[in-house]
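>>> Kindly return the folded structure for what I paste below:
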Amino acid sequence: MVDTDDLDREELTKFINETQEKIGKFASILEKFGLDIITKMGQTNLKITMLTDKINELSKATIEIKSLTPQLKNVIENQKILEAELDLIRSLIQRSEISLLSRETKSEEVDRDISATDKKESIIEQFNILKNEIDDIEDPEIVIEQLENIKEDIFIFKGGHRILYEISQFGKILIGLEDISDDIKHSLKEKIVFWINKL
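Now for the predicted structure:
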């Protein structure tokens, strides 16, 4: 008959061995899990570093773009002025083609040369007439036509000027209006004073 103590010892030994084996496997799993976590954390840190670098680069690029904004505004403003002057040149070419024949026939009869001072005085006089008569004008087309004539004279006199663009912009405000409001009339008077001083 087998001794009970021996059986208990065997079972206990077997149990201890199995437990140690399970603990070993569990420790191995924990070790592998820990290594995976460390690896993942390292990869995450690397990605965070890369993203931080990219954010810094983007921030620098944004600052550079913001610093270019004033220059870009100047370019756009100059482009608008050039467009207005090109429109005026086109208008002058079209009108000159129409009036070319009549000028050639009249050139023999009329031999007159207007000096720069006379031309400037003529432009100022046109501005002053428009300023004085604007309160009685209701039809925007009349003002637009007068502004176009003044623009042509300024272009001939100066060969190009910043106020040509401003006059064009004011003319665009009037296009499509049925009548001219008091605010617009007042604004035009102020602009005329400003334009005369700019000449």
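>>> which other helices and strands contact the longest helix that the chain contains?
Ordering each helix of the chain by length in residues (DSSP state H) puts helix 4-107 first. Judged by 3 or more C-beta pairs under 8 Å, 6 or more residues apart in numbering; DSSP states H and E, helix 4-107 is in contact with helix 140-158, helix 162-174. The way it works is simple: take the backbone N, C-alpha and C, and place the C-beta from them, glycine included.
>>> want to throw those helices into a markdown table with mean neighbour count, mean pLDDT and distance to Arg9?
Shown next, in a markdown table, are those (neighbours: other C-beta atoms under 10 Å; pLDDT from 0 to 100; distance: least, C-beta to C-beta, whole Å):
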| stretch | mean neighbour count | mean pLDDT | distance to Arg9 |
| --- | --- | --- | --- |
| helix 140-158 | 17 | 88 | 116 |
| helix 162-174 | 17 | 88 | 107 |
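>>> quick one, which of those helices is nearest to Gly42?
helix 162-174 (61.4 Å; C-beta to C-beta).
>>> Show me how far whichever helix or strand comes after that closest one is from its chain's centre.
Using DSSP states H and E, the next helix or strand after helix 162-174 towards the C-terminus is helix 182-198. Averaged C-alpha coordinates place helix 182-198 at 28 Å from its chain's average position (C-alpha atoms, centre = their mean, to the nearest Å).
>>> Name the residues of helix 182-198 that come out as buried.
Ile184, Lys185, Leu188, Lys191, Ile192, Trp195 (16 or more other C-beta atoms under 10 Å).
>>> looking at it, the last one is touching Tyr165, isn't it?
No - because the distance of 11.3 Å does not satisfy C-beta atoms under 8 Å, Trp195 is recorded as not touching Tyr165.
>>> any idea of the angle the helix or strand harbouring Glu125 forms with helix 182-198?
Per DSSP H and E, Glu125 falls inside helix 116-133. Orientation of helix 116-133 against helix 182-198 (axes from the mean of the first three to the mean of the last three C-alpha atoms, to 10 degrees) gives an angle of 160 degrees.
>>> isn't Asp179 right up against Asp139?
Yes - look at Asp179 against Asp139 with C-beta under 8 Å: they come within range, at 7.4 Å.
>>> For the two, indicate the residue with more neighbours.
Taking other C-beta atoms under 10 Å, Asp179 and Asp139 do not tie; Asp139 has more neighbours (13 against 9).
>>> List the contacts of that one.
Asp179, Ile180 (C-beta atoms under 8 Å, 6 or more residues apart in numbering).
>>> Just the pLDDT for Ile98.
If you check Ile98, the pLDDT there is 53.
>>> same question, Glu109
Glu109 is given a pLDDT of 45.
>>> cool, and the one 10 residues further on?
Here the pLDDT value assigned to Lys119 is 84.
>>> Distance of it relative to Glu125?
Using C-beta to C-beta, to the nearest Å, one obtains 11 Å as the distance from Lys119 to Glu125.
>>> Go ahead and confirm Met146 touches Asn128.
Actually, residue 146 is Gln rather than Met. No - using C-beta under 8 Å, Gln146 is not in contact with Asn128, being 11.7 Å away.
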